[in-house]
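Chemist: Fold the stuff below for me.
(one chain, ligands or ions: 1)
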Amino acid sequence: MISKRAQNISPSETLKITGRAKQLAREGVSVISLSAGEPDFKTPSHICNAAIEAITDGFHGYTMNTGMPELRETVCNKLERDNRLKFEPSQIVLSNGAKQSIGFSLLATVDEGDEVLIPAPYWVSYPEMVKMAGGTPVVVKTEFVNDYKLTPGQLKDALNKKTKAIILCSPSNPTGSCYTREELEDLASVLKNYPDVIIFSDEIYEYIVFDDEHVSILNAAPQLKDRTVIVNGFSKGFAMTGWRLGYIAGPQSIVDAVAKIQSQETSAPSSISQKAGIAAYTGTMKPVEEMRKAFKKRRDFIVDELRSIDGVQCFMPSGAFYVFPDVHVFLGKRTPEGDTISTTTDLSLYLLEKHGVATVPGDAFGEPGGIRISYAVSMEELKEAVARIKDGLSSLS
Ligand SMILES: Cc1ncc(COP(=O)(O)O)c(C=O)c1O
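Modeler: Next up is the predicted model:
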């Protein structure tokens with residue numbers, strides 16, 4: 001009854017762990033969830049007010065399938081203001097979240113048998129979306145010593161005649177790493193020799209950077225513009241995960257193909273969310289800055305704490321709201337109950353079931369030596385969660 005396509009897809013591991021954590025909480029177990037991929041803040045009030053106004057004004061109809069012209073123009077203005085990138089409104093397609101933007105972009109470009117390079121650790125949805133598009137995900141392993149960033153050598157080794165595209169994510173989910181301008185220039189100089197390879201640049205965490213300013217691949221390598229699709233959205237920077245609003249900015253031919261697919265699959269994103277999106281990009285950025293500062297404090301805290309645990313290695317991530325410590329030394333150890341921790345999935349489940357803290361195993365992201373810890377929780381919860389993690393890890397022998 002079920003198609004091969006659907007059978008071939010794995011459900012999201014992140015959602016699985018979050019689901020189990022919620023179930024335990026419903027049963028009355030005290031669980032702190034460090035597994036979710038969403039800010040713990042409310043959407044800023046000026047954005048909510050724009051949506052309320054849209055509702056009371058009766059702005060209830062379908063919009064243009066690529067998004068309201070006013071929002072497409074607003075996105076172009078934002079790309080110029082924040083990223084110094086020039087796009088025409090016709091080169092923007094608004095979707096129901098960046099996830100859909102990536103999915104439709106892959107459907108629009110990838111054919112059966114095409115390879116798509118995905119540096120690991122990767123965001124869980126990339127390989128599955130490539131498979132749904134009929135392509136073959138090619139996972140490229142990166143190293144902890146390079147903060148899990150792809151090197152030019154690793155890229156060169158992975159590229160071949162079948163490579164159709166590469167998906168880059170900076171700031172990264174799950175590692176929080178951000179590519180510098182020089183690193184992106186170096187990757188671009190390798191891509192120069194493969195002029196047909198499309199670059200999908202997922203920049204959804206761009207407003208959550210702590211050290212330097214966000215660098216888009218198109219800032220470092222403007223010559224790639226005719227084959228780069230920038231993916232972005234409102235979920236993370238403005239705490240708008242439930243509003244479902246994202247977009248692509250890219251070459252006209254890809255944008256037109258995505259628009260065509262979207263017109264048959266989902267029409268346009270919600271008219272109310274689009275009004276909210278206009279308010280987000282034209283209104284004050286103060287709440288975004290406040291969230292960024294709060295994330296930075298928590299990052300500094302959690303990295304210090306994790307580094308103080310025997311056996312845990314942790315680099316300082318420069319963006320997003322995740323840390324991705326290396327915990328491979330705990331694999332092979334035993335729990336007080338006598339169970340062996342063979343994988344990071346075992347480790348995450350042990351921390352959840354026995355110590356009430358939910359993390360996501362590195363296995364889900366294609367990196368079996370790490371775990372992802374989201375610090376999108378209050379400082380109080382974070383302190384308690386760290387104490388539980390310390391307790392859990394030190395009980396292993
Ligand atoms: C790297 C990355 N890209 C895209 C998305 C999807 O975002 P959206 O809520 O806009 O669909 C997420 C959400 O977790 C993400 O972490």
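
Chemist: what's near enough to touch the residue nearest in space to the middle of the chain?
Modeler: With distances taken as CA atoms, centre = their mean, the residue of the chain nearest its centroid is residue 173 (4.3 Å). By CB atoms under 8 Å, 6 or more residues apart in numbering, the contact set of residue 173 is 37, 123, 204-205, 320, 322. Glycine gets a C-beta too; all of them are placed from N, C-alpha and C.

Chemist: Those residues: which two are farthest apart?
Modeler: 204 and 322 (12.6 Å; CB to CB).

Chemist: Residue of the stretch 251-397 of the chain nearest the ligand, please.
Modeler: Nearest to the ligand in the stretch 251-397 of the chain, going by CB to the nearest ligand atom, is residue 320, at a distance of 7.7 Å.

Chemist: From what I see, that residue and residue 208 are in contact.
Modeler: Yes: using CB atoms under 8 Å, residue 320 is in contact with residue 208, at 5.5 Å.

Chemist: Now do the shared contacts for the two.
Modeler: Residues touching both residue 320 and residue 208 (CB under 8 Å, 6+ apart): 171, 236.

Chemist: Which residue of these two possesses the greater neighbour count?
Modeler: Taking other CB atoms under 10 Å, residue 320 and residue 208 do not tie; residue 320 has more neighbours (30 against 25).

Chemist: out of the contacts of residue 173, which is most surrounded?
Modeler: Within the contacts of residue 173, neighbour counts (other CB under 10 Å) peak at residue 320, which reaches 30 neighbours.

Chemist: now stretch 69-89, how far from the centre of its chain.
Modeler: With CA atoms, centre = their mean, to the nearest Å as the basis, stretch 69-89 stands 21 Å off its chain's centre.

Chemist: Can you tell me the closest non-neighbouring residue to residue 298?
Modeler: Excluding the flanking residues, the one nearest residue 298 by CB to CB, 6 or more residues apart in numbering is residue 375, at 4.3 Å.

Chemist: Is there a neighbour count for the one you found? I'd like the number.
Modeler: 27.

Chemist: Hmm, it is touching residue 381, no?
Modeler: No: in this structure residue 375 lies outside contact range of residue 381 using CB under 8 Å: 9.4 Å.

Chemist: so where's the stretch 1-150 of the chain shaky on pLDDT?
Modeler: Scanning the stretch 1-150 of the chain with the threshold set as pLDDT under 70 gives 13-14.

Chemist: Which single residue in it comes nearest to the ligand?
Modeler: Using CB to the nearest ligand atom, residue 97 is the residue of the stretch 1-150 of the chain that sits closest to the ligand, at 2.7 Å.

Chemist: List the contacts of that residue.
Modeler: For residue 97, the contact set (CB under 8 Å, 6+ apart) comprises 233, 235, 244-246, 269.

Chemist: what two of the residues you listed are the furthest from one another?
Modeler: Maximum pairwise distance in the contacts of residue 97, criterion CB to CB, is 12.1 Å, between 235 and 269.

Chemist: Name the helix or strand for residue 373, please.
Modeler: Using DSSP states H and E, residue 373 maps to strand 371-374.

Chemist: Run through who's touching that strand.
Modeler: 34-37, 121, 174-175, 302, 306, 321-325, 327, 344, 347-348, 359-362, 364-365, 389.

Chemist: Stretch 196-205 now?
Modeler: Residues outside stretch 196-205 that contact it (CB under 8 Å, 6+ apart): 98, 102, 105-106, 109, 123, 159, 163-173, 191, 214, 216-218, 224, 227-233, 235-237, 246, 254, 319-321.

Chemist: Now the terminal residues of that stretch, how far apart.
Modeler: Start and end residues of stretch 196-205 are separated by 27 Å (CA to CA, to the nearest Å).

Chemist: any idea how far residue 243 is from residue 61?
Modeler: Using CB to CB, to the nearest Å, residue 61 is found at 18 Å from residue 243.

Chemist: Which one's more surrounded, those two?
Modeler: Higher neighbour count among residue 61 and residue 243: residue 243, with 25 against 7, using other CB under 10 Å.

Chemist: so what's that one up against?
Modeler: Residues in contact with residue 243 (CB under 8 Å, 6+ apart) are 43, 51, 234-235, 270, 273, 276-277.

Chemist: Could you do residue 306 as well?
Modeler: Contact analysis of residue 306 by CB under 8 Å, 6+ apart lists 312, 314, 323, 325, 373, 386, 389.

Chemist: Can you verify it is assigned to a strand?
Modeler: No: according to DSSP: H, G, I helix; E, B strand; the rest coil, residue 306 belongs to no strand; its state is helix.

Chemist: Nearest to residue 10 among the contacts of residue 306?
Modeler: residue 373 (21.8 Å).

Chemist: Which strand residues bridge the closest one?
Modeler: Counting by DSSP bridges, residue 373 is bridged to residue 323.

Chemist: burial of it, as a residue count?
Modeler: Using other CB under 10 Å, residue 373 has 28 neighbouring residues.

Chemist: same deal with residue 26?
Modeler: By other CB under 10 Å, 9 other residues sit near residue 26.

Chemist: Tell me which stretches of the stretch 251-397 of the chain form strands.
Modeler: Along the stretch 251-397 of the chain, counting by DSSP state E, counting those that start in this stretch, strands occupy 322-323, 357-358, 360-361, 371-374.

Chemist: Now the third one: average pLDDT?
Modeler: Just to be clear, that refers to strand 360-361. Averaged across strand 360-361, the pLDDT comes to 94.

Chemist: For that strand, which outside residues touch it?
Modeler: With CB under 8 Å, 6+ apart as the test, strand 360-361 has contacts from 13-14, 17, 35, 174, 343-345, 347-349, 371-372, 374.

Chemist: Just the buried ones among these, please.
Modeler: 13-14, 17, 35, 174, 344-345, 347-349, 371-372, 374 (16 or more other CB atoms under 10 Å).

Chemist: What parts of the stretch 51-200 of the chain come near the ligand?
Modeler: Counting by CB under 6 Å from any ligand atom, the stretch 51-200 of the chain comes close to the ligand at 97-99, 123, 169, 173.

Chemist: Okay, and which of the residues you listed map to strands?
Modeler: residue 169 (DSSP state E).

Chemist: Nice, that's everything, thank you.
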